[in-house]
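**Student:** Predicted model and sequence below, questions to follow.
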Amino acid sequence: MDTIASFFSFITTPVSWVIVQFHSLYGMIFGPDTGWAWGLSIVSLVVLIRICLIPLFVKQIKSTRNMQVLQPKMKAIQERYKNDKQRQSEEMMKLYKETGTNPLSSCLPILAQSPFFFALYHVLSSIASGKTVGVIDDQRLLDSARQAHIFGAPLAAKFMDSADKVASLNASLTDVRIVTAIMIVMMSASQFYTQRQLMTKNVDLTVKTPYMQQQKMLMYIFPLIFAVTGVNFPVGVLVYWLTTNVWTMGQQMYVINQNPTPGSKAQDQYLQRLLKTITTHSEVRSRRKRTIVQAIVAKGPDRNDNERKFVTSLAKAGLAAQPDGTVIKSDTAAAEAESGAAARRHQPKRQTKAKRQAAATPSGTDKPDQPKDSEAAGEPAKTSLQKGEPQDTASKPTGKPAAGSARQAKSGQRKGQQRPKHPSKK
């Protein structure tokens, strides 16, 4: 870790200067040698860095939206080349290139923070070793940073430090390990919750894309990385990462609630809240909400299920969304919505397979298992196996039998007209 941090030594001086400036401010409130003054200086450093990274965060959001727009095309590519994974990947890369979409844009804020993270690690490691670094070139300032404790743990102490090293910082090994363990667990839990919230609420799960697989993988990888490598981080670095994770979680919650991804569960919840507000006041009050309604109206038949549900609910309330994002009262929209609902309620019930086959059979066709007329009239059916009840092959005449008519077949003999015997057998 020290070797990696040395590559970012060029940014050590700016990072240490920012920490010292915030320390001079908080030192006047909490005292210059307290852990609160130094700890809040690190927290303020995180807030400053994250504010500077807001443009990257906006770019990340735009990239996420582009990925959602491309999902129907991605699904078509997956279905077309489902048996050729290599061609499928090539077509995906081609689509990304044509639309200018980068699936890895979600990692930009983390990559941008890496230099500051390693610079802070280098500063705190130097403080723990008693070496001046950056603008912390005063022995008094160095001793103040070494002796600063957060809940009994020095800022420069690590979970894996020996008891002698921790004792040199005027602390106990038990306090250091308890504080660092709690902070590592909180770091991992906050990272997992943030990523899980993104996957369960702010992603359209109807289409499987490489972006979704990437996010699902990060949901488990990052907490594992924090848990494994956190034991080698100083307490000050853990404060840095815990603060940035909490910031990311709050930022993500704001985006999910105010600007959800189309087709996601968060969009359905947002449109339900928007519908309640519109129906209560019979108008769209804010400009941002009018922009959202305007975008839904402009989509027309390309709306997703959440947006169609929103437009239908407006119509049932007697309101019609306009192309400019406003709504007007419309009895026609309510009548159309009610008639559409009634038509869906009165749709004929789907017949079973047996009934459909029975309807397709011609009326004049006799089925082998249908009863004959005699059985239908209540007469018992006669079979050739019943003794003493010979059956005629033809219906009996009403009058006397005609001359030369065939005799009734005896039991055991073949029914009907017999073939003449051969002259040699007479």
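**Tutor:** Here it is on my side, so go on.
**Student:** measure residue 202 to residue 277 for me?
**Tutor:** Distance, residue 202 to residue 277, by Cβ to Cβ, to the nearest Å: 21 Å. To be clear about C-beta, it is placed using only N, CA and C from the backbone, and glycine gets the same treatment.
**Student:** Looking at these two, which has the bigger crowd around it?
**Tutor:** Comparing residue 202 with residue 277 by other Cβ atoms under 10 Å, the one with more neighbours is residue 202, at 22 against 14.
**Student:** isn't the more buried one right next to residue 257, touching?
**Tutor:** No. Using Cβ atoms under 8 Å, residue 202 and residue 257 do not qualify as a contacting pair, with a distance of 9.8 Å.
**Student:** any shared contact partners between those two?
**Tutor:** residue 266 (Cβ atoms under 8 Å, 6 or more residues apart in numbering).
**Student:** contacting residues around residue 309?
**Tutor:** 268, 271.
**Student:** Quick check: it is in a helix.
**Tutor:** Yes. The assignment for residue 309 (DSSP: H, G, I helix; E, B strand; the rest coil) places it in a helix.
**Student:** Can you tell me the SS state at residue 323?
**Tutor:** The three-state label given to residue 323 by three-state DSSP is coil.
**Student:** pLDDT value on it, please?
**Tutor:** You'll see residue 323 listed with a pLDDT of 90.
**Student:** same thing with the one 4 residues further on?
**Tutor:** pLDDT recorded at residue 327 is 90.
**Student:** excluding its backbone neighbours, what's nearest it?
**Tutor:** residue 319 (4.6 Å; Cβ to Cβ, 6 or more residues apart in numbering).
**Student:** Please report the number of neighbouring residues for that neighbour.
**Tutor:** Residues within reach of residue 319, counting by other Cβ under 10 Å, total 23.
**Student:** Which helix or strand contains residue 260?
**Tutor:** According to DSSP states H and E, residue 260 maps onto no helix or strand at all.
**Student:** residues touching it, list them.
**Tutor:** Going by Cβ under 8 Å, 6+ apart, residue 260 touches 201, 202, 266, 267, 269, 270.
**Student:** Tell me the spacing between residue 126 and residue 138.
**Tutor:** With distances taken as Cβ to Cβ, residue 126 is found 13 Å from residue 138.
**Student:** For this structure, just list every one of the strands.
**Tutor:** 149-150, 153-154, 319-321, 327-329 (DSSP state E).
**Student:** buried residues in stretch 18-34?
**Tutor:** 18, 19, 20, 22, 23, 26, 27, 33, 34 (16 or more other Cβ atoms under 10 Å).
**Student:** Poorly predicted segments of the protein, please.
**Tutor:** 1-9, 64-65, 68-69, 103-107, 203-215, 331-353, 355, 359-426 (pLDDT under 70).
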